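Enquirer: need a structure here:
(chains A, B, C and D)
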2 protein chains.
Amino acid sequence: MSQAETAAAAPRRGRPGYDRDQVLAVAVKVFNEHGYDATSVADLTAALGLTKSALYHHFESKAAILEVALNDALDGLERVVDDAVAQHPLAADRLRSIVRGAVHVLTAKLPSVTLLLRVRGNGEVELAALRRRRAFDQRVTAIVAEAQREGLIRGDVDAAVATRLIFGMINSVVEWYRPGGPVDPDELGEDILRATLDGLQSR
Amino acid sequence: MSQAETAAAAPRRGRPGYDRDQVLAVAVKVFNEHGYDATSVADLTAALGLTKSALYHHFESKAAILEVALNDALDGLERVVDDAVAQHPLAADRLRSIVRGAVHVLTAKLPSVTLLLRVRGNGEVELAALRRRRAFDQRVTAIVAEAQREGLIRGDVDAAVATRLIFGMINSVVEWYRPGGPVDPDELGEDILRATLDGLQSR
DNA sequence: GTCTATATTAGGATAGAC
DNA sequence: GTCTATCCTAATATAGAC
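Expert: Residues are numbered from 1 along each chain as shown, chains lettered A, B, ... in the order given. Modelled structure (predicted):
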């Protein structure tokens, strides 16, 4: 994924001449437009301007493309929690750091995170991703519960429900946020922090 | 959908003997478990204990099943806005009514609304549903903007962003809410109203 | 890194009997 | 309302040449 952006800087004569990361970026884009299951390998090759054989030269299967993208997204999200835990002793600070970090990863790695959030558990690749995602959710829920004991989060809402509502709001961003659009990703992180903690009501 | 619950009250001898609503309920459940596109007609008939021909006796195509379910969900959501507009002159009251009503429809019609929220726009049936959903979103955004002018919603967050964040939180409920579980749907509506308007922070 | 050609299976849907 | 048998297309994937 990291090489995808610099792809245009190394053009070929005539044929596209994709490398693995470029193929990945296009494939993930098409997956998100039609859904992974509704996307055929023919759809991918049409978007790439390649034949199936050329695509299978880069990835051994359609599922292998999905696997790389999902792991990229999960790596990014797990790193946010790792960093928050390493940097902040207070759960309240960890939570604020996680909200900001999750919004940052989500906007920076929008395609792969979007794909991750739509996984239903079909096949081994998706099941493995769901397992990692559940572990992530549990770590965050534990931090929210601790932040609640510390007094940051109100006690009249269940910690698991609060976590789900906060991340429900964060994750919904993939449905409408577009890089280069009118919404700044860092401001969005602050908006979501304000919306979930302070509330959207005027005071 | 309404007849599905009373199905067990009219059993047949030997074979299941499904009617249209019962087939619909099972099909929507399977669609949600694997995703619409990943669900084959064979998956549906396996869940029903029927052959393909029997299924095609009730619905003319796989897409026709989807269409009925999506319209059911959209009817429910549109009715919430219609009722809110009819009952409340103030946009602030309309918004509160819509949040409560949307959570209610979402929990009461969980299977069909879940399906609706995952539609990507493949084929005419999904495109038609997306058009209706966009119209719904626009009506709600206009009400949020008006509520902001009335002073209910803070002015430092864009109305369109606020709408998306609020409904992002509401819609995320389909990912974890289960009827008969520990979370009461009416309480959940109040929690979301509190979370989005008052904020989750202790005071 | 890409091509043409093809193997193989699964998918949606129908015909016609009971 | 359901069955068996079948059609036809589209899907994933591979072989082997350039």
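Enquirer: Please, which helix or strand holds A:Q148?
Expert: Using DSSP states H and E, A:Q148 falls within helix A:123-150.
Enquirer: distance between the helix or strand following that helix and the chain's centre?
Expert: Of the helices and strands lying after helix A:123-150 in sequence (DSSP H and E), the nearest is helix A:159-171. Helix A:159-171 sits 15 Å away from the centroid of its parent chain (Cα atoms, centre = their mean, to the nearest Å).
Enquirer: quick check: mean pLDDT across helix A:159-171?
Expert: The pLDDT scores in helix A:159-171 average 96.
Enquirer: Does anything pack onto that helix? Which helices or strands?
Expert: Using 3 or more Cβ pairs under 8 Å, 6 or more residues apart in numbering or on different chains; DSSP states H and E, the elements in contact with helix A:159-171 are helix A:91-108, helix A:123-150, helix B:159-171, helix B:185-197. Placement of C-beta: from N, CA and C, glycine included.
Enquirer: sorry, back to before: quick check: buried residues in the helix holding A:Q148?
Expert: A:125-126, A:128-129, A:132-133, A:136, A:140-141, A:143-148 (16 or more other Cβ atoms under 10 Å in any protein chain shown).
Enquirer: Counting by contacts, list what that helix packs against.
Expert: helix A:62-87, helix A:91-108, helix A:159-171.
Enquirer: Relative to DNA strand C, which of the ones you listed is closest?
Expert: helix A:62-87 (13.3 Å; Cβ to the nearest atom of the strand).
Enquirer: Can you get me the start-to-end distance on stretch A:180-198?
Expert: 28 Å (Cα to Cα, to the nearest Å).
Enquirer: So is it next to chain B?
Expert: Yes. For stretch A:180-198, a contact with chain B is found by Cβ under 8 Å from any Cβ of the partner chain, at A:183, A:188, A:191-192, A:194-198.
Enquirer: Now list the buried members of these.
Expert: A:183, A:188, A:191-192, A:194-197.
Enquirer: Domain-wise, how is chain A divided?
Expert: The record's domain split for chain A, according to automatic domain parsing, is A:7-59, A:63-198.
Enquirer: what about the shortest one, distance to the chain center?
Expert: In this view, domain A:7-59 has its centroid 20 Å away from the chain centroid, taken as Cα atoms, centre = their mean.
Enquirer: do the same with the longest one
Expert: Its chain's average C-alpha position is 8 Å from that of domain A:63-198, according to Cα atoms, centre = their mean.
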